[in-house]
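Undergrad: Build the 3D model from these lines:
(one chain, ligands or ions: 1)
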Amino acid sequence: MDSIEINLLSNTAGTKKMLVDLLIGTVAAGGSVSFMRPLAPEMAAAFWNKSLQAVARGERAVLGAWNGEALIGTVTVLLDCPPNQPHRAEIAKLMTRLNYRGKGVATRLMEAAEAVAMEKGRTLLVLDTAKEEGASGLYEKLGFTLSGEIPDYALKPHGGLTGTLIYWKRIGTV
Ligand SMILES: CC(C)(COP(=O)(O)OP(=O)(O)OC[C@H]1O[C@@H](n2cnc3c(N)ncnc32)[C@H](O)[C@@H]1OP(=O)(O)O)[C@@H](O)C(=O)NCCC(=O)NCCS
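TA: The predicted model follows:
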């Protein structure tokens, strides 16, 4: 898909509404992104409110993928690391709208997230993903290395425990 555009999102009502819809749709389809299903609109809105406030404080970057006026994907780069980890950032809340999956949207978002982290001087990315119904294949394609698994880490959106897989990737180093 050539026509998608990736940019940094800020705290506007229109963007927030689209993020809420995207998160609810992702959870409804079984995506493991910290929430149980059905995800109430109020809970989704509270999450994005808090997240976009953290963006305004420079503690994270939220990226959006756009097809024209439609938000079709997002990823978050967590930059607020402890004082002894100034070189690290974490990837979170990667999701692509259901009918746009398999077209490279998440790959584009991850490339942009990596670029943002590098601009901020970060040289190490970490992330975790559910063992069942997560996105480990995608992260491995993008060069992330598996550290290991923590069993029974979280509930799947529809219930039942799944392990989590921890990944890392060095960026911006020669
Ligand atoms: C995971 C997700 C973001 C992938 O989005 P996408 O836009 O369809 O991904 P892409 O089209 O960029 O896929 C790139 C490659 O990764 C592979 N891939 C995508 N999702 C994958 C998954 N869940 N497991 C394994 N491989 C996957 C694709 O097959 C593709 O491979 P190819 O290049 O050989 O064809 C999307 O499925 C989603 O929103 N899932 C629900 C939320 C979720 O689980 N997010 C991850 C939380 S850690």
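
Undergrad: Quick check: residues of this structure near the ligand?
TA: Neighbours of the ligand within the chain, by Cβ under 6 Å from any ligand atom: 26, 31-33, 94-96, 101-107, 129, 134-135, 137-138, 141. All C-beta spots, glycine's among them, are computed from the backbone N, C-alpha and C.

Undergrad: what do you get if the cut-off is 5 Å, keeping everything else the same?
TA: 31, 94-96, 101-102, 104-107, 129, 135, 137-138 (Cβ under 5 Å from any ligand atom).

Undergrad: Emit the PyMOL select command for whichever of the residues you listed are buried.
TA: Burial among the residues of the chain next to the ligand is assessed by 16 or more other Cβ atoms under 10 Å; the matching PyMOL selection reads:
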select buried, resi 31+94+95+96+105+106+129+135
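
Undergrad: With secondary structure added, can I get the residues of the chain next to the ligand in CSV?
TA: Shown next, in CSV, are those (DSSP: H, G, I helix; E, B strand; the rest coil):
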residue, secondary structure
Gly31, coil
Leu94, strand
Met95, strand
Thr96, strand
Arg101, coil
Gly102, coil
Gly104, coil
Val105, helix
Ala106, helix
Thr107, helix
Thr129, strand
Ala135, coil
Gly137, helix
Leu138, helix
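
Undergrad: how about the residues of the chain next to the ligand in TSV, adding pLDDT?
TA: Formatted as TSV, the residues of the chain next to the ligand follow (pLDDT from 0 to 100):
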residue	pLDDT
Gly31	96
Leu94	98
Met95	98
Thr96	98
Arg101	98
Gly102	97
Gly104	97
Val105	98
Ala106	98
Thr107	98
Thr129	98
Ala135	96
Gly137	97
Leu138	98
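
Undergrad: Out of the residues of the chain next to the ligand, which comes closest to Val77?
TA: Of all the residues of the chain next to the ligand, the one with the least separation from Val77 (Cβ to Cβ) is Leu94, at 10.3 Å.
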